Each structure stands twice: as structure tokens, then as C-alpha cells.
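Participant: I would like to see how this sequence folds:
(4 chains)
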2 protein chains.
Amino acid sequence: MPTIKDIAELANVSPATVSRVLNNSGYVSSAARKRVIEAIEKTNYVPSEHAKSLRTKKTQVIGVVMPRLSTETSSRVVHGIDKVLSAKGYQILLATSDLSPEKEIDQLRLLQSKQVEGIIFLATNVSENLQKELSELETPLVALGQDLPGVSTVLYDDYHAACDVVDWFLAKGHTKIGFIGVSAHDEAVGRKRRNGYQAQMNEAALPVEKSWMQEASFDIESGYEATRRMFKESTTTPTAIFAVTDRLAVGAMEYIKQAGMSIPEDVALAGIGASEIGKYVTPPLATVDYANEEAGMKATNLLLDHISNGDNSHKKFVMPYGLLARDSLG
Amino acid sequence: MPTIKDIAELANVSPATVSRVLNNSGYVSSAARKRVIEAIEKTNYVPSEHAKSLRTKKTQVIGVVMPRLSTETSSRVVHGIDKVLSAKGYQILLATSDLSPEKEIDQLRLLQSKQVEGIIFLATNVSENLQKELSELETPLVALGQDLPGVSTVLYDDYHAACDVVDWFLAKGHTKIGFIGVSAHDEAVGRKRRNGYQAQMNEAALPVEKSWMQEASFDIESGYEATRRMFKESTTTPTAIFAVTDRLAVGAMEYIKQAGMSIPEDVALAGIGASEIGKYVTPPLATVDYANEEAGMKATNLLLDHISNGDNSHKKFVMPYGLLARDSLG
DNA sequence: ATAAAATGTGGAATCGATTCCACACCAGTA
DNA sequence: TACTGGTGTGGAATCGATTCCACATTTTAT
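Facilitator: Below is the predicted model:
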């Protein structure tokens, strides 16, 4: 591995001059520049970013912390982030938290030690420790998807989206509406969407049988099971089901079909997420489009603003969402 | 941002001693160690990885270059990579090439300058320039999915998988089998799978009408269009279609349904990739499971071997695949 | 013609860690 | 008593770049 010194010797100049060529700064005669460039090409020289960062404090790297990579939502978000970042010459240092609160904090530290210039943080849990860590963090950070106090965040409008889904059903005349949610530890998906559902049912003065509200995890299989439980346990069975994610809804769809009922005639169905799968199941799944890619882009732009302007204000940005009424609605 | 010097002063020791505490190396009295640890905690000190890497040449970062992130295949692969890497304390520096050959090379250079300890490379194009770049690269590298000469690779068995898909149809008595492929610039998906199809049709002495072979890009919509063309242009229409990816197959499915034909009675269908979507469309799509996550893990382990053993041999590893015969087959 | 400004270049300090080496101290042993 | 060997510590070089400053040389302006 050649260093700047080797190039300097080869080109018969000082390291300082090589550096000037590298950075297009200061004065360099065209003769010297030519010799340096030749030396660089001959040796396949690549400057060490570490030495550079050590001196300049710039790394051109943004850290991204997310619970898991292998979901459609995540990859859309990362794609949005990458789109903005790669255009500006930044790279992504990826850190996954595996849904573990301690690991989220560890990763935050690790990224800090790697001197990333900013962090985009998709949290799931919002613990005490996490908030403490965040408040001590010097690196600019933007949260996405969960409302973290004291930091800039790009949020989805979970509450109103959930209300709108329930409204869909109400408008079709449904009164017995089931709900498949996830753990309330997840503030956004677990709590807010449930709140929206409950608020809307209350508003409409509709009673909700206990078994109509089921809790699942995040996979299709779990949506299937939740639906099975719902139908087994209910005295009056729902005529519509709102699942908080498309995957859960697809699971519900599987159960309903297997149980010999038809969608939307016997049971109407809707999810949230606008996942690709929902578009191609039969019937197509009504859902809410969260514009994940745009959210990723938005968060990145916000972060870059913080970095360049040294702007420390805490902005909250709520993403608009789109309603995709499809056949599963009736 | 405190540095090792600040800690040293606070703890009344030299930087050397702080370093010893940090790395658990050499002799440190328990009194000194205690003072150092306290100073670290008090100041929230995080050592600079840049300074460290500059000195030690170790970064604990692996670069991953891939064409795009927002596909199910990619995220499965990255997930596999991450699983192995995070267990060993490595991090992932992500670089996307956006399907552009020049960008693939740029990213390779950039990763090198960031001193990554190894690179996992998912290429699409296999150009001259790329091969030159790879041969000059000093960083250990493992390619995944495309056969690059002169480097270790983890490969999918595209040719035989394609043969097996055609065999499915042959076994069901189909003789008119259509094919939806992608550009031959993509060696693995474009060329090898097509070769498998053609070889098998030849073997069975079955004629292939020109319009039965259509070229598409990678999205569902494009599969739809390719199928439309196939049916419009053919004098005899196929009774079975092999699409080289599940997404293309789903597009084909859409067209076939919309044209009023039924699957598998009028047209049988199969894809490759075992994407989740294929499992939940109606009818479920027959496909080939490529074990992407395992491939990512395999590639990572191979890479780590190279790194730790300084092992420069070029291993080729072909992943086994699984056949998922589902209802779309008939 | 002479002062002032622009151009080119190298020396050396610097960033924040690690690590070799020298040195000091305190046992235990011959 | 003197010598070994294990402990504990700090000084200083080092990694590979950037950048300030000083200095030399040329060009331009007055």
C-alpha cells in the first residue's frame, strides 16, 4: 500500500504538494501536478481515509441504526436514505439492533466512535436509558418512525391513518370491526394505531368485544393465528378486520380463505404499509401508503441540514400518507 | 470530544496507561485502572476509531457492494451477512452500485480507501474494467451470485435450477413452454438461466417459437408486459411459462388472469427466488428457493477465513437450492 | 525601477490513538 | 549482598494524511 510519501518521492515533490493535488487546493504548477498524477496512477495509490479523517474530522459517513434489514419497510427506507446520501458522496455505515434495546445503545456508541457525521435512527423501543444516551450524544441525529423527545424526527401519522382505516369500514356500514395489533412496546405501530382504532370505534359508539382485539408479532403466520383466535373466541364474529401491517393482513386473509369465507363479502380487510405483496394477493388488499422511501429521504435531508448548519433545533416532521382503497374493502 | 490525553490528565497517568486499560494489555495497577475507568465514565469518552485504525490497520468494517437494496433478495443477503458479522463485532459499510458498471468500480475504490478489511461484492455486470480493478485490489474480496474469475465466489446454481424448472413442466406433459428472461448482460440471471431453459428444450427436442422467449427488466410490471407480448405475437400460445424471477412470474400471473385464462389449467407458471409474495398469490407460485440468507452467511465466512488466514486461494462454492412445487404448476 | 501581489514549494506541527523501550521499584533467591 | 525477574509507568516514535507558515520566485501595477 503506497502512502502519500511514496508518491511524493516518485514525483519529486513534497507530501504537501501531493496533498494539494489531491484536494485541488492552493498553488501547484502544472508540471508538478502532472508528475504527481502519473505517480498516483502508476502505483494505484488510494489515500487513507483514516489519516484524512483524523486530521480533518470529516468522514463522509452516516450511520444508520435499524431494527432489522430484511423487511420491505426497512429496505425502502434505506433506499431513500441512500439515494440522498450517495448523491452527496456520503456512505452508509449500517448497524442493526435486532429489536434489542441494549443493542440499540451499543450501536449508537459504536457509530460515535467511528466518527460518523450523523445518525439516522429507526428505534422501536423508547426506553429511559435510550433517552439518556441520546441526550448525551454529540453526533447529529434524526429519528424516523418513533417520536423521540429532544431530537428531530420524521414521523408517520399512525393515529390518523388508523382512524381512516376504521372510517373505511364504517362508511361501508360495518359495525363489528376486529383489530390485529402488535405489542404496545412499539409506540408507533403498537400503541398509536391501536389508539386510532379505539378512538374511532368509541366515536361511532360501537361496542368492541374483547376477542376482537388480538395481539400478534410481525409476521404473516402470526396474523393467521391472531385471526384464528379472533374467530374462535368471539361470540359475534367481526365482519371486518383491521390489521396494523399488511403482512398481518395477508395472514388474516389466509385464515379467512381457508375457513371457507370470502373477502370482502363475509369479512372485509385492510392493512397498513402498501407492501408489494398486498397488491397481488386476491383480492388486492386495501392499505395505507406510508411513503417509506420519501420518509428516508426526508430524514436524510433533515440530518444533512443539521450537519451543515450546525442547526440544533428539534424539528418534527409528519409524513403525509395515501389511502389505497382496494377490493378487500368491499 | 475528550481524547486519550484528557483522560490521562484526569486520571493522573500517561496516555500509554490509558491505552493499556482500554485494550486490557500490559501491566496496570488496579489503582490506576480504577482512576482511568472513572475518568472515562465521567467524560463519556469514546476512543477515536480513526486514530486507532491508522495505527493498527484494523477497522472492523466490511464493505458490501450491491446493485440495489430495495429488493427482497438483497435484504435477505445483507441479513445473512449481518448475522455473521455482528456476532464477530464487525460492521457493514454499505455501497450501492445502482446497476452501473462505473459505479461498481468507484465504490470498490472508495471502500478500499476506507480501509475496510474485506469486501463482499454482488456484481451484475462482469466487464473488462471490473476484472482489471479486481485483480489489482489488495483487499480480500468474495463475490456473490456472479462468477468472477480470480476471486472466491459463492454462486447459485442458475443453470441447473433453470433446467429443473423446465423439467417440472415437461413432467406435466407441457411441450409449449414460454420463457421470460432478462438481459444477457446479467451473466447469472440473464444468461445462465436462459441457457438452462434452452438446453432442456433442446434435449427434449421441443421447438421454441421465437415469440416464446421474451426479455423483461426486473419488476412485476415488466413481467406483465412480456407476457402480453408473448401471447400477442405467438401463433401457437404456450401452455406453460418459466419466468426467471418470481416478480416477473407474478406479473405474468396478472396478465394471464386479466386475459381471462386460469392458472394452472390454461397456463402453468413458475419462477425463481422463493419470494414471499409468491407464496400468497393465487394460486401459490411454484419457485426455486435460493437460500439467499445462507449464501450471505457463506460468503461472509469465506471472507473472514481469507482475512484471518491470509488465505488467498480462490474458492468457488455453489449453493444448493430447493424446489418449491406449488399450485401454479398444475 | 521598485514595490506589491500572485504563484509555487517544502518543512514541520498536528490529529488521537498504540507500542516499543527504558527505567524504577519490589519481591524472592543464590 | 547482589542479582534476577515480575510489575508498573511514562517518553517518544509512529501511522498517513492536512495545513500553517516561511521562503523563493515570478508577475503585475505604479
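Participant: Distance from the helix ranked longest in chain A to the middle of the chain?
Facilitator: As assigned by DSSP state H, the longest helix anywhere in chain A is helix A:292-309. Distance, stretch centre to chain centre, for helix A:292-309: 12 Å (C-alpha atoms, centre = their mean, to the nearest Å).
Participant: and if you look at stretch A:68-76?
Facilitator: The chain centroid and the centroid of stretch A:68-76 are separated by 7 Å, computed with C-alpha atoms, centre = their mean.
Participant: Using PDB, list the CA coordinates for it.
Facilitator: What follows is stretch A:68-76, C-alpha atoms only, in PDB (Å, rounded to 0.1, in the frame of the first residue of the first chain):
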ATOM      1  CA  ARG A  68     -33.900  -5.300  11.100                       C
ATOM      2  CA  LEU A  69     -32.900  -5.200   7.500                       C
ATOM      3  CA  SER A  70     -35.000  -7.900   5.900                       C
ATOM      4  CA  THR A  71     -38.300  -6.200   5.800                       C
ATOM      5  CA  GLU A  72     -39.800  -4.300   2.900                       C
ATOM      6  CA  THR A  73     -40.200  -1.200   5.000                       C
ATOM      7  CA  SER A  74     -36.600  -1.100   6.100                       C
ATOM      8  CA  SER A  75     -35.200  -1.600   2.600                       C
ATOM      9  CA  ARG A  76     -37.400   1.100   1.300                       C
END
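Participant: Against B:Thr175, how distant is A:Glu72?
Facilitator: 38 Å (C-beta to C-beta, to the nearest Å). Heads up, the C-betas are built off the backbone N, CA and C, glycines and all.
Participant: more crowded one of the two?
Facilitator: Neighbours per residue (other C-beta atoms under 10 Å in any protein chain shown) separate A:Glu72 from B:Thr175, with A:Glu72 holding more: 21 against 15.
Participant: ok, how many other residues are close to the closest residue in space to the more buried one that isn't next to it in sequence?
Facilitator: Nearest in space to A:Glu72, with sequence neighbours left out and distances taken as C-beta to C-beta, 6 or more residues apart in numbering or on different chains, is A:Ser275 at 5.0 Å. For A:Ser275, the neighbour count with other C-beta under 10 Å is 25.
Participant: So for A:Ser275, what's the pLDDT?
Facilitator: Listed pLDDT for A:Ser275 reads 93.
Participant: Ramachandran angles for it?
Facilitator: Backbone torsions of A:Ser275, given as degrees, to the nearest 10, read phi -70, psi 150.
Participant: Buried ones in stretch A:193-200, by neighbour count?
Facilitator: The neighbour-count check on stretch A:193-200 (16 or more other C-beta atoms under 10 Å in any protein chain shown) flags A:193-194, A:196-197, A:200 as buried.
Participant: Check stretch A:124-140 too.
Facilitator: Applying a neighbour-count criterion of 16+ other C-beta under 10 Å, one finds A:124-126, A:130, A:133-134, A:137, A:139-140 buried in stretch A:124-140.
Participant: next one: stretch A:32-49
Facilitator: Within stretch A:32-49, the residues that count as buried by 16+ other C-beta under 10 Å are A:32-33, A:35-36, A:39-40, A:45-49.
Participant: can you list those in JSON lines and add pLDDT, secondary structure and distance to DNA strand D?
Facilitator: Shown next, in JSON lines, are the buried residues of stretch A:32-49 (pLDDT from 0 to 100; DSSP: H, G, I helix; E, B strand; the rest coil; distance: C-beta to the nearest atom of the strand, whole Å):
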{"residue": "A:Ala32", "pLDDT": "95", "secondary structure": "helix", "distance to DNA strand D": "13"}
{"residue": "A:Arg33", "pLDDT": "96", "secondary structure": "helix", "distance to DNA strand D": "14"}
{"residue": "A:Arg35", "pLDDT": "96", "secondary structure": "helix", "distance to DNA strand D": "16"}
{"residue": "A:Val36", "pLDDT": "96", "secondary structure": "helix", "distance to DNA strand D": "11"}
{"residue": "A:Ala39", "pLDDT": "95", "secondary structure": "helix", "distance to DNA strand D": "12"}
{"residue": "A:Ile40", "pLDDT": "95", "secondary structure": "helix", "distance to DNA strand D": "10"}
{"residue": "A:Tyr45", "pLDDT": "93", "secondary structure": "coil", "distance to DNA strand D": "7"}
{"residue": "A:Val46", "pLDDT": "92", "secondary structure": "coil", "distance to DNA strand D": "7"}
{"residue": "A:Pro47", "pLDDT": "94", "secondary structure": "coil", "distance to DNA strand D": "4"}
{"residue": "A:Ser48", "pLDDT": "93", "secondary structure": "coil", "distance to DNA strand D": "4"}
{"residue": "A:Glu49", "pLDDT": "92", "secondary structure": "helix", "distance to DNA strand D": "8"}
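Participant: now, which of those sits nearest A:Pro283?
Facilitator: Nearest to A:Pro283 out of these is A:Glu49 (C-beta to C-beta; 52.4 Å).
Participant: Distance of the closest one relative to A:Asn12?
Facilitator: 26 Å.
Participant: what about the spatially closest residue to A:Asn125 that is not a sequence neighbour, distance to DNA strand C?
Facilitator: In space, and not counting its chain neighbours, A:Asn125 is closest to A:Pro101: 4.6 Å by C-beta to C-beta, 6+ apart. Applying C-beta to the nearest atom of the strand, to the nearest Å, the value for A:Pro101 to DNA strand C is 26 Å.
Participant: ok, now which ones touch A:Pro101?
Facilitator: Counting by C-beta atoms under 8 Å, 6 or more residues apart in numbering or on different chains, A:Pro101 makes contact with A:125, A:127, A:129-130.
Participant: For those, name the two members farthest from one another.
Facilitator: Going by C-beta to C-beta, the pair spanning the contacts of A:Pro101 furthest: A:Asn125 and A:Asn129, at 9.6 Å.
Participant: What residues does the stretch 201-330 of chain A have near chain B?
Facilitator: Residues of the stretch 201-330 of chain A lying close to chain B by C-beta under 8 Å from any C-beta of the partner chain are A:220, A:250, A:253-254, A:276-277, A:280-282, A:293.
Participant: Next to DNA strand D in this structure, residues from the stretch 51-200 of chain A, please.
Facilitator: By C-beta under 7 Å from any atom of the strand, the residues of the stretch 51-200 of chain A that approach DNA strand D are A:51-52, A:54-56.
Participant: any idea how chain A splits into domains?
Facilitator: Per automatic domain parsing, the structural domains of chain A span A:4-47, A:61-156+A:293-320, A:158-289.
Participant: lowest-confidence stretch among these?
Facilitator: Sorting those by mean pLDDT places domain A:61-156+A:293-320 lowest, at a mean of 89.
Participant: all helices of the stretch 101-250 of chain A, in order?
Facilitator: Along the stretch 101-250 of chain A, the segments classed as helices by DSSP state H, counting those that start in this stretch run A:101-113, A:128-136, A:158-171, A:193-203, A:220-233, A:246-258.
Participant: okay, those, which one's buried deepest?
Facilitator: Comparing the helices of the stretch 101-250 of chain A by mean neighbour count (mean count of other C-beta atoms under 10 Å in any protein chain shown), helix A:246-258 ranks first with a mean of 24.
Participant: ok, for A:Gly26, nearest residue in space, not its chain neighbours?
Facilitator: A:Arg20 is the one closest to A:Gly26 (C-beta to C-beta, 6+ apart), at 4.5 Å.
Participant: so what's that neighbour up against?
Facilitator: Taking C-beta under 8 Å, 6+ apart, we find A:Arg20 in contact with A:26-28.
Participant: Considering the residues you listed, which possesses the most neighbours?
Facilitator: Most neighbours among the contacts of A:Arg20, by other C-beta under 10 Å: A:Val28, with 18 neighbours.
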